[in-house]
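> Fold the following, please.
(one chain, ligands or ions: 2)
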Amino acid sequence: MLKKSEERARAMLGDLTRAGLKLTAQRKAIVHEFAADPTHPTAQDLYDRLRGDFPQMSFATVYNTLDALASAGLSGTLRIGNAARFDPNTLPHHHVVCEKCGAIGDVPAKTLDPSPAATRNVRRAAPGFRVRAVERIYKGLCLACQRENS
Ligand SMILES: [Zn+2]
Ligand SMILES: [Zn+2]
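Ligands and ions are numbered 1, 2, ... in the order given. Model (predicted):
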């Protein structure tokens, strides 16, 4: 059986082709790196990591590739703090965020669909707002940071 990240990478490459992007060696490397990355990287993170192997690669190539994946629904996007992060996990999930080091992890969820009660609450607080999804952020300390503290 294929590893999950390889399946993801394959689906992503297929969609980039359908979106009309040429699958250059750089783009393939970006996709493989991203598909296997559970850390919710920014475009800058991936750029920094790949630049050693591809000195010719531009930041724009990394960003455009991730943006095309997001448009095709193969990457989630996440804004925590002031950085836009990309998320190869497209199944419904919430996030844990470490308040010290900023590490982000996934917490699987059955659904992100808003319950009728959630929809009513939001309507009351923000008239006219149409809720699409309810996504939780659990704040706290990751294991590594707890160990550092003790
Ligand atoms: Zn931490
Ligand atoms: Zn995630």
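> List the buried residues for the top helix by length along the chain?
The single longest helix within the chain, with elements called by DSSP state H, is helix 4-18. When neighbours are counted by 16 or more other Cβ atoms under 10 Å, the buried residues of helix 4-18 are found to be 5, 8, 9, 11, 12, 13, 15, 16. Every residue, glycine included, has its C-beta placed from N, CA and C.
> Make sure the third one is actually in contact with residue 30.
No: Residue 9 is beyond contact range of residue 30, at 10.1 Å (criterion: Cβ atoms under 8 Å).
> Please name the strands paired to the lowest-mean-pLDDT helix or strand in the chain in the sheet, noting orientation.
Comparing helices and strands within the chain by mean pLDDT, DSSP states H and E singles out strand 76-80 as the least confident, with a mean of 86. With DSSP bridges as the test, strand 76-80 is paired with strand 83-87 (antiparallel).
> What's the first helix or strand after the strand it pairs with?
Next along the chain after strand 83-87, taking DSSP states H and E as the criterion, comes strand 93-98.
> How about the residue most central in space within the chain, nearest residue that isn't a chain neighbour?
Computing the C-alpha centroid of the chain and ranking residues by Cα atoms, centre = their mean puts residue 87 first, at 1.2 Å. Of all residues beyond its chain neighbours, the one nearest residue 87 is residue 76 (3.7 Å), with distances taken as Cβ to Cβ, 6 or more residues apart in numbering.
> doesn't residue 89 make contact with that neighbour?
Yes: the pair residue 76 and residue 89 qualifies as a contact (Cβ under 8 Å) at a distance of 6.9 Å.
> Tell me which of these two has more neighbours.
Legend: neighbour count by other Cβ atoms under 10 Å for residue 76 and residue 89, higher for residue 76 (19 against 15).
> And the more buried one, how close does it get to ligand 1?
In this structure, residue 76 lies at 21 Å from ligand 1, with Cβ to the ion, to the nearest Å as the measure.
> which ones are touching that residue?
By Cβ atoms under 8 Å, 6 or more residues apart in numbering, the contact list for residue 76 reads 70, 86, 87, 88, 89, 90.
> run the last query once more with 7 Å
Residues in contact with residue 76 (Cβ atoms under 7 Å, 6 or more residues apart in numbering) are 87, 89, 90.
> hang on, residue 86 packs against residue 66?
Yes: in this structure residue 86 lies within contact range of residue 66 using Cβ atoms under 7 Å: 4.9 Å.
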